[in-house]
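**Q** Generate a structure from the sequence data that follows.
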Amino acid sequence: MDIALAELLPVERHRWLTPLIAPRPIAFVSTISAAGVGNLAPFSFFAMGGQSPQGVAICPTADRHGNPKDTLRNIRETGEFTINLVSREMAERVNQASAPYPPDVDEFDVAGFTRVPSVVVKPPRVAEAPAALECRVFQIVPQGSGPMHGTWVLGEVLHLWVRDDVLASDGLPDTAKVHPAARMGRDEWAHVTPQAIFRLNRPTVVPKE
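**A** Purely as a prediction, here's the structure:
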């Protein structure tokens, strides 16, 4: 099947692509407005890139009226955010935090998560998360306009916190112990188990004689 995306409504494009671009890790983003109101929201449009400095990207989408989400407004006002990684054990409460609450509601409270002060940024981390990335904004890039348009938030990771019980014997995080949850299409989620992990050695190029 061939599909011209320009001929589809934004919500229809979403329905076609999310089952294909999957699994997608979840950034559970904590922010604080300039007035001091907290917000906690999950985003599956989330990636990392580069190591010098360490970069991350999230892409909040506007609502069906073209209005920005609370997370994006807060990031624009303060230039800071904290990304909490999501384990399978957190999934139901993370999903609850995705509901369209009004701006004066802090999802930490309604979803039952515990605030812990971050080290170098104001937005707190989630105590129940297996890891958290404290970030400052590098660049904000709008893409499109109107309902459901995207805004790329490029951030620099300033500080990393990892729960001790998800570390392997070499002292680094063990993905199976992190037990990350991921988004698929429709209302489908996935999670990483030890049985789902396989290993491939990096290939080497044999020099020509």
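**Q** Do you have the helices of this protein handy? List them.
**A** 10-17, 70-78, 91-97, 107-111, 175-178 (DSSP state H).
**Q** Next, the buried residues of the longest one.
**A** By that I understand helix 70-78. Within helix 70-78, the residues scored as buried using 16 or more other C-beta atoms under 10 Å are 70-76, 78. The C-beta positions use only the backbone N, C-alpha and C, and glycine is treated the same way.
**Q** Would you mind measuring from I3 to D187?
**A** From I3 over to D187 the distance is 22 Å, taken as C-beta to C-beta, to the nearest Å.
**Q** more neighbours, these two?
**A** Legend: neighbour count by other C-beta atoms under 10 Å for I3 and D187, higher for I3 (11 against 7).
**Q** Tell me how many other residues surround the nearest residue to R93 once chain neighbours are set aside.
**A** Once flanking residues are discounted, R93 sits nearest to A111: 4.5 Å by C-beta to C-beta, 6 or more residues apart in numbering. Other residues near A111 come to 22 when the count uses other C-beta under 10 Å.
**Q** List the contacts of A111.
**A** By C-beta atoms under 8 Å, 6 or more residues apart in numbering, the contact set of A111 is 40, 93-94, 96-97.
**Q** at 10 Å instead, please
**A** Applying C-beta atoms under 10 Å, 6 or more residues apart in numbering, one finds that A111 lies in contact with 28, 40-42, 90, 92-99, 101, 126.
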